[in-house]
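Peer 1: Sequence and predicted structure, then a few things I'm wondering about:
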Amino acid sequence: MSANRQEVVDYFEGTRWDYRHLWRSEKAGALHFGFYDRRIRNHVTALRRMTGYLASVVGITPEDRIMDAGCGIGGCAIRVADHFGCRVTGINITPFQVTAAREAADRARVDGIVEFLEADFTDTGLPDASHTVVWALESVVHVDDKEAFVREAHRVLAPGGRLMIAEYLVREDPAPTPAEEEELATWCRGWAMPGLLTATEYERLLHKQGFEDVRIVDISHHVAPSLHRLRWLVRLLGPTAPAFRRLGVLAPVPADNLIASAAQIRMFDAGAWRYQVVTARKPAVAEVGKQGEAEAGEPAVAAAGEPGDTASLGRTAAEPTR
């Protein structure tokens, strides 16, 4: 069970207005960043497009059963189920988001193939080998024990199942300076994130828990326009946040959210973190016997594709239409 569970719930409760009105979360069904390309310039469309891009990376099919770890208000789960006809189980610890997701599924008439559970995705209670895909979009970053999540994902996945994590990863070479570490810590505190991992740390963690075919692709270029929108909001509202927090005009959580967002943007500009997509696979049944041999040697580091290169990770899929 995540030790920082209540902190995460408090964060999303405290920023509910921010996401709804400033990020237009209810319009898009999304709390995450958007994916922009030459065809997409609209914020809400880019939020929805992120779902389509990641579905193509994972190679979603109608036969899949997906566990959406940290499903937010259900937008990704609903769009994927609606488009592909696959079954999706959304996991979330924030009560109001689970309620909103269930209501959205009812409106979209996918409640027969989508369910939302109020549970911790490091300890879901779902049956072993019950899903073919574990999908985690900007959610694992909120977990204090990331190894517990990876272990649970491996348990829940059927042999041959796929794991996808879209995450903020810290620069490795050169490592962040002390000043950058302080800025990253400000961001993490304000967004209820215990800490960020590097690509190498993720690779080692995934191999340790038995995953193979680990690949990491940097899509920062496609996410950067979302940061530009956040930059505009921070410039508009951020300068008043510390003073308003002290005066009690602005509650601590939304005030710290703005301060953290400013630090995040500065560190993105400095190259201290990148937006990356991590994928891995649980070995198929015939490969399980070889796992011990693989663990005896140094795990191979998969080369990352170019930003936005879906062909290197999976087949291209049409964007979900909702």
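Peer 2: That came through fine.
Peer 1: Under a three-state scheme, what state does Leu31 occupy?
Peer 2: coil (DSSP: H, G, I helix; E, B strand; the rest coil).
Peer 1: Please report phi then psi for it.
Peer 2: phi -110, psi 0 (degrees, to the nearest 10).
Peer 1: Is it in contact with Tyr19, as I believe?
Peer 2: Yes. Leu31 is in contact with Tyr19 according to CB atoms under 8 Å; the separation is 5.5 Å. The C-beta positions use only the backbone N, C-alpha and C, and glycine is treated the same way.
Peer 1: Same drill for the two, tell me which one is more crowded.
Peer 2: Leu31 (22 against 18; other CB atoms under 10 Å).
Peer 1: tell me the SS of the nearest residue to the more buried one once chain neighbours are set aside?
Peer 2: Leaving aside its sequence neighbours, Leu31 sits nearest to Gly72 (CB to CB, 6 or more residues apart in numbering; 4.5 Å). Judged by three-state DSSP, the three-state class of Gly72 is coil.
Peer 1: so what's Gly72 scoring on pLDDT?
Peer 2: Listed pLDDT for Gly72 reads 96.
Peer 1: quick one on the thing from earlier: need the overlap of contacts for Leu31 and Tyr19.
Peer 2: Common contacts of Leu31 and Tyr19 (CB atoms under 8 Å, 6 or more residues apart in numbering): Phe12, Ser25.
Peer 1: what number of residues lie near the residue nearest to Leu31?
Peer 2: 25.
Peer 1: quick one: contacts for it?
Peer 2: Contacts of Gly72 by CB under 8 Å, 6+ apart are Ser25, Gly29, Ala30, Leu31, His32, Asn92, Gln97, Ala101, Leu137, Ser139.
Peer 1: Would you agree the fifth one is in contact with Glu138?
Peer 2: Yes. Here His32 lies in contact with Glu138, judged by CB under 8 Å, at a distance of 4.6 Å.
Peer 1: And the strand ranked longest in the chain, what does it pack against?
Peer 2: Longest strand of the chain, by residue count under DSSP state E: strand 157-170. Contacting strand 157-170 under the criterion 3 or more CB pairs under 8 Å, 6 or more residues apart in numbering; DSSP states H and E are the following elements: helix 43-58, strand 131-137, helix 146-156, helix 199-208, strand 273-281.
Peer 1: What angle do strand 273-281 and the third one make with each other?
Peer 2: Helix 146-156 and strand 273-281 meet at an angle of 30 degrees, taking axes from the mean of the first three to the mean of the last three CA atoms, to 10 degrees as the criterion.
Peer 1: what's the average pLDDT for helix 146-156?
Peer 2: 98.
Peer 1: Give me the angle between it and strand 157-170.
Peer 2: Using the same axes, to 10 degrees: helix 146-156 against strand 157-170 is 160 degrees.
Peer 1: Which neighbouring elements make contact with helix 146-156?
Peer 2: Packed next to helix 146-156, using 3+ CB pairs under 8 Å, 6+ apart, are strand 65-69, strand 131-137, strand 157-170, helix 199-208.
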